[in-house]
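Novice: model this:
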Amino acid sequence: MSSEPPPAIAATSDSNWPGSTVDHDHKLSTIFQVARIMASERNLGVMLPQFLSGLIETLPVADAGVLMLYDSVALRLKVVADIGYEAPFLQNLQLAAGESLSGKAFQTGETLLFASNNDIMLAMADMS
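Specialist: Sure thing, here's the model as predicted:
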């Protein structure tokens, strides 16, 4: 699997835009926590769920998340960590570049950030 971080995808509501109400000290503490995890943990299976958990704590609008990395052998994005979902199928989920919003972000190399559910629906309008 590639060690490059995937493009970010976030869904949020207008009133909770990241940075609008998040306590600065909490964000700083989370950054240090993530840095500590990355510096001390060598096992990706342990590190990535902790990393994702730290990100979810920092984003005021995120209750759950999925982290996918590109597998260059399978040519697919594969789930390497998920927090807040009780969906066993996620561990077997594989997406091609361009498939779903995650695959779209990976294919374009651009971050997708949505301010509302309507924005998400618009972004998905061209998907079959």
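
Novice: quick one, strands of the chain?
Specialist: In the chain, the segments counted as strands under DSSP state E are 9-11, 65-71, 76-83, 94-95, 112-114.

Novice: in this protein, which ranges drop under the pLDDT threshold?
Specialist: Along the chain, segments meeting pLDDT under 70 span 1-23, 128.

Novice: and the longest helix for it?
Specialist: In the chain, with assignment by DSSP state H, the single longest helix is helix 24-40.

Novice: about what we covered before: now mean neighbour count too, for the strands of the chain, in CSV please.
Specialist: Yep, even glycine has a C-beta here, placed from its N, CA and C like the rest. Below are those laid out as CSV (neighbours: other CB atoms under 10 Å):
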stretch, mean neighbour count
strand 9-11, 17
strand 65-71, 18
strand 76-83, 19
strand 94-95, 16
strand 112-114, 16
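
Novice: how about the ones you listed, which one is nearest I37?
Specialist: Nearest of the strands of the chain to I37, taken as CB to CB: strand 76-83 at 11.8 Å.

Novice: only alpha carbons, please: show the closest one as PDB.
Specialist: Extracted in PDB, the C-alpha atoms of strand 76-83 (Å, rounded to 0.1, in the frame of the first residue of the first chain):
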ATOM      1  CA  ARG A  76      -8.100  -0.100  -5.300                       C
ATOM      2  CA  LEU A  77      -8.600   2.000  -2.200                       C
ATOM      3  CA  LYS A  78      -8.900  -0.200   0.800                       C
ATOM      4  CA  VAL A  79     -10.200   0.500   4.300                       C
ATOM      5  CA  VAL A  80      -7.400   0.500   6.800                       C
ATOM      6  CA  ALA A  81      -9.200   2.100   9.700                       C
ATOM      7  CA  ASP A  82     -12.800   3.000  10.600                       C
ATOM      8  CA  ILE A  83     -14.200   4.700  13.700                       C
END
